[in-house]
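> what's the 3D shape of this:
(one chain, ligands or ions: 1)
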Amino acid sequence: MHIDHIHIDNVRKTFLIKNHADGQPSHSELEVLAGIDLAVREGEFLTVVGPSGSGKSVLLDIISGLASASSGSVRVGGELIAKPSRDVSYVFQQYALFPWKTALQNIEYPLQIRGVPGRERSARAWELLELFGLKDFAHRYPSQLSGGMQQRVAIARALVPRPKVLLMDEPFAALDAQTREALQIELLRIWNALKTTVIFITHGLDEAVFLGDRVAVMAARPGRIKRILDIDLPRPRDADLRASNTFNLYRQRVWEVLRDEVIDPSPGQAPATPVSSSSKIAA
Ligand SMILES: Nc1ncnc2c1ncn2[C@@H]1O[C@H](COP(=O)(O)OP(=O)(O)OP(=O)(O)O)[C@@H](O)[C@H]1O
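Just a heads-up that it's a prediction; the model follows:
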């Protein structure tokens with residue numbers, strides 16, 4: 001039996017926007033999320049795709065507790081999320097490593113601020129360096145590491161506090177295609193070892209299908225979940241899978257749900273961003 005680990009109940013988000021037209025300050029409301037209901041199972045890998053501006057990052061910010069919902073609730077393991085939680089880690093597109101700290105020191109940092117004693121800190125950081133194949137790079141600074149290695153360090157740093165949930169916002173978008181594919185396989189291996197619940201935002205349909213147990217497709221702004229597709233592909237998944245007919249069929253299905261949101265928003269609904277932004281979707 002599956003247990004719901006993350007429970008998102010009717011989450012709405014509206015931003016108040018300050019305008020200064022004709023020198024007259026005024027306010028308008030921007031509805032970004034129009035009622036998100038979503039349940040993520042314990043240990044599940046959920047990927048999220050959606051047009052630019054559909055509120056994917058805002059949703060992740062709310063799940064992490066970094067931002068608050070205008071209404072609705074998020075629960076992780078039954079606990080209401082109202083502020084950043086130790087159980088939830090976040091990885092961004094930009095690696096956001098401390099440039100003055102080595103890989104090892106960067107990974108140790110979340111444990112340091114939690115007051116974990118030095119020896120345990122170091123042992124846990126080395127465990128992750130090993131898991132990510134980074135042992136030989138432990139004493140390098142971020143500027144001495146490739147983009148792929150920096151992102152491995154950033155993921156290791158997010159995992160070192162042993163979070164129950166890992167949120168990832170386009171973490172591989174800045175990497176070249178080969179590095180991205182290698183990191184996808186590595187991430188699956190590590191996820192399988194750690195059994196963390198993952199929500200992973202991406203613009204890549206290949207990436208969404210390759211990684212996910214399910215793919216959630218968001219509708220254009222105001223964002224809502226348009227459809228959730230089960231990806232019933234065997235695990236462990238390897239590079240050969242991408243060439244299979246079943247893989248391409250799933251990818252096509254996701255694209256069919258997403259296509260209308262990216263190319264032809266429903267009447268009366270302005271495109272979330274100029275049409276050129278649809279090029280961000282790697283169909
Ligand atoms: N702090 C804020 N104040 C006002 N508007 C905001 C704020 N944060 C986000 N927005 C708006 O909310 C909308 C959704 O933004 P968000 O970054 O979540 O989209 P996204 O789906 O992640 O887009 P992309 O795929 O391009 O990263 C955008 O129109 C954005 O301008």
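
> Tell me the residues of the chain that contact the ligand?
Residues of the chain lying close to the ligand by C-beta under 6 Å from any ligand atom are 15, 30, 32, 50, 52-58. Any C-beta I mention is one placed from the backbone N, CA and C, and that applies to glycine too.

> ok, the most centrally placed residue in the chain to G133 distance?
Nearest to the mean C-alpha position of the chain, by C-alpha atoms, centre = their mean, lies M168 at 2.4 Å. Separation of M168 from G133 (C-beta to C-beta, to the nearest Å): 19 Å.

> what does H203 give?
Distance from H203 to G133, by C-beta to C-beta: 27 Å.

> and these two? which has more neighbours close in?
H203 (20 against 11; other C-beta atoms under 10 Å).

> my guess is the more buried one contacts V49, does it?
Yes. Checked against C-beta atoms under 8 Å, the pair H203 and V49 is within contact range at 6.9 Å.

> Flag the shaky bits of this structure, pLDDT-wise.
Across the chain, the ranges flagged by pLDDT under 70 are 1-3, 264-283.

> one more time with 50
1, 267-279, 283 (pLDDT under 50).

> just so I have it, where are all the strands in it?
Ranges of strands within the chain are 4-19, 26-41, 45-49, 71-76, 79-80, 88-91, 165-169, 197-201, 214-218, 225-230, based on DSSP state E.

> Dump the ones you listed to a markdown table, plus distance to I190.
Below are those laid out as a markdown table (distance: least, C-beta to C-beta, whole Å):
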| stretch | distance to I190 |
| --- | --- |
| strand 4-19 | 18 |
| strand 26-41 | 18 |
| strand 45-49 | 11 |
| strand 71-76 | 20 |
| strand 79-80 | 25 |
| strand 88-91 | 12 |
| strand 165-169 | 10 |
| strand 197-201 | 10 |
| strand 214-218 | 19 |
| strand 225-230 | 23 |
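
> Just tell me which of these ends up closest to S146.
Closest to S146 of the strands of the chain is strand 88-91 (C-beta to C-beta; 16.9 Å).

> picking that back up, need the buried ones from the residues of the chain next to the ligand selected in PyMOL.
In PyMOL, a selection of the buried entries from these looks like this (16 or more other C-beta atoms under 10 Å):
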select buried, resi 32+50+52+53+54+55+56+57+58
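
> Can you lay out the residues of the chain next to the ligand as a markdown table showing distance to G118?
Listed next are those as a markdown table, based on distance: C-beta to C-beta, whole Å:
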| residue | distance to G118 |
| --- | --- |
| F15 | 43 |
| L30 | 47 |
| V32 | 43 |
| G50 | 43 |
| S52 | 44 |
| G53 | 45 |
| S54 | 44 |
| G55 | 41 |
| K56 | 38 |
| S57 | 35 |
| V58 | 38 |
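
> just the residues of the chain next to the ligand now: which is nearest Y250?
G50 (17.0 Å).

> where does the closest one fall, phi/psi-wise?
phi 170, psi 160 (degrees, to the nearest 10).

> what's near enough to touch it?
If a contact means C-beta atoms under 8 Å, 6 or more residues apart in numbering, then G50 has 56, 217-220, 223, 226, 258, 261 as its contacts.

> To what extent is the closest residue to R124 other than its chain neighbours buried, counted in neighbours?
Nearest residue to R124 in three dimensions, chain neighbours excluded: V160, at 5.6 Å (C-beta to C-beta, 6 or more residues apart in numbering). Number of residues near V160 (other C-beta under 10 Å) recorded here: 23.

> is it true that V160 touches A125?
Yes. Counting by C-beta under 8 Å, V160 touches A125, with 6.1 Å between them.

> Tell me the residues that contact both of those two, please.
By C-beta under 8 Å, 6+ apart, the residues touching both V160 and A125 are 107-108, 111.

> how much space is there between M168 and Q105?
M168 is 22 Å from Q105, by C-beta to C-beta.

> same question, D238
Taking C-beta to C-beta, one finds D238 at 34 Å from Q105.

> Between those two, which is the more surrounded one?
Taking neighbours as other C-beta under 10 Å, D238 and Q105 compare with Q105 leading, 19 against 11.

> distance of the more buried one from L129?
Counting by C-beta to C-beta, the gap from Q105 to L129 is 11 Å.
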